[in-house]
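**Q** my questions are about this predicted structure, shown below with the sequence.
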Amino acid sequence: MNTHITLLFSGLAPLLPFNTVILLFLSSTGPSHPYFPHHLAVPPGAPEPNATELSIVQLLQGVPLGVGQIYACNAFGPPSSSWGAVLIYSPLLGGHALLGSGLGTLAGVSLSVRQAVLYSGLSGFNGALGCMAVGGLFFTFSWRTHLFAIASGFLSAYVDIALSNLLGTVSLHTHWEFIL
């Protein structure tokens, strides 16, 4: 598969950027492709057949997993080390990362997204990014920027879920369908 992309890219490199070549390649693959099969896009707000109760333990594990999803890690060990590295670099950013991931998970619970999305941290990573960016990266920390970071964490999580639902209704894939 890598040789196909390499040959395709080397032939189209003078005309198109690499991202466009990859998107063309992926859009031309079908459901029987061994590496990138197409699946039906399901919006994250779609009901699950037997989703009756939330597991609080798995929901709380989804909060640090949301920080790890920034780096596309969905196991519990790598997100812990990623968060630890952020915490060593800046305790303020580390705190806002967990806060934002928790806010994104709360936003996902409030919109009743699928439980697999909540438990894997996918509903919290945009909240973590928004909260980190406003709470300690681009602005000087004060109580106003902290409140703005909380609002940014909620807003970025809600916009991500809304955009995923919108794209899912027209059968376009989002990042959630590729990871789950």
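**A** It's in. Numbers count the residues shown, from 1 in each chain.
**Q** okay, CA-based contacts and neighbour counts for the rest of this
**A** OK.
**Q** domains in this structure, by residue range?
**A** Listed domain ranges for the chain are 1-38, 56-179 (source: automatic domain parsing).
**Q** any idea which of the ones you listed scores lowest on pLDDT?
**A** Comparing mean pLDDT across the domains of the chain, the weakest is domain 1-38, with a mean of 59.
**Q** count of neighbours near residue 131?
**A** 34 (other CA atoms under 10 Å).
**Q** helices or strands next to the helix or strand residue 156 falls within in the packing?
**A** Element membership for residue 156 (DSSP states H and E) is helix 143-169. On a contact count with 3 or more CA pairs under 8 Å, 6 or more residues apart in numbering; DSSP states H and E, helix 143-169 meets helix 91-110, helix 125-132.
**Q** from the rest of the structure, what touches the last one?
**A** With CA atoms under 8 Å, 6 or more residues apart in numbering as the contact definition, helix 125-132 has outside contacts at 66-70, 93-94, 96-104, 149-157, 160.
**Q** tilt between it and helix 143-169?
**A** Comparing the axes of helix 125-132 and helix 143-169 via axes from the mean of the first three to the mean of the last three CA atoms, to 10 degrees yields an angle of 160 degrees.
**Q** cool, the first one as well?
**A** Orientation note: helix 91-110 sits at an angle of 40 degrees relative to helix 143-169 (the same axes, to 10 degrees).
**Q** can you list the buried residues in helix 91-110?
**A** Buried residues in helix 91-110, counted by 16 or more other CA atoms under 10 Å: 92-109.
**Q** beyond that helix, next helix or strand please.
**A** Towards the C-terminus, the helix or strand next in line after helix 91-110, according to DSSP H and E, is helix 115-119.
**Q** other SSEs contacting that next one?
**A** Counting by 3+ CA pairs under 8 Å, 6+ apart, helix 115-119 packs on helix 56-68, helix 91-110.
**Q** with only the CA atoms kept, save the longest one in CSV.
**A** The reference is to helix 91-110. Extracted in CSV, the C-alpha atoms of helix 91-110 (Å, rounded to 0.1, in the frame of the first residue of the first chain):
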residue,chain,number,x,y,z
PRO,A,91,1.5,23.0,35.5
LEU,A,92,-1.0,25.6,34.3
LEU,A,93,-1.4,23.9,30.9
GLY,A,94,-1.5,20.4,32.5
GLY,A,95,-4.3,21.6,34.8
HIS,A,96,-6.2,23.2,32.0
ALA,A,97,-5.8,20.0,29.9
LEU,A,98,-7.6,17.9,32.4
LEU,A,99,-10.2,20.6,33.1
GLY,A,100,-10.9,21.0,29.4
SER,A,101,-11.1,17.2,28.9
GLY,A,102,-13.6,17.0,31.8
LEU,A,103,-15.6,19.8,30.3
GLY,A,104,-15.7,18.1,26.9
THR,A,105,-16.8,14.9,28.5
LEU,A,106,-19.6,16.8,30.4
ALA,A,107,-20.6,18.3,27.1
GLY,A,108,-20.8,14.9,25.5
VAL,A,109,-22.9,13.6,28.4
SER,A,110,-25.2,16.6,28.1
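**Q** sounds good, over and out.
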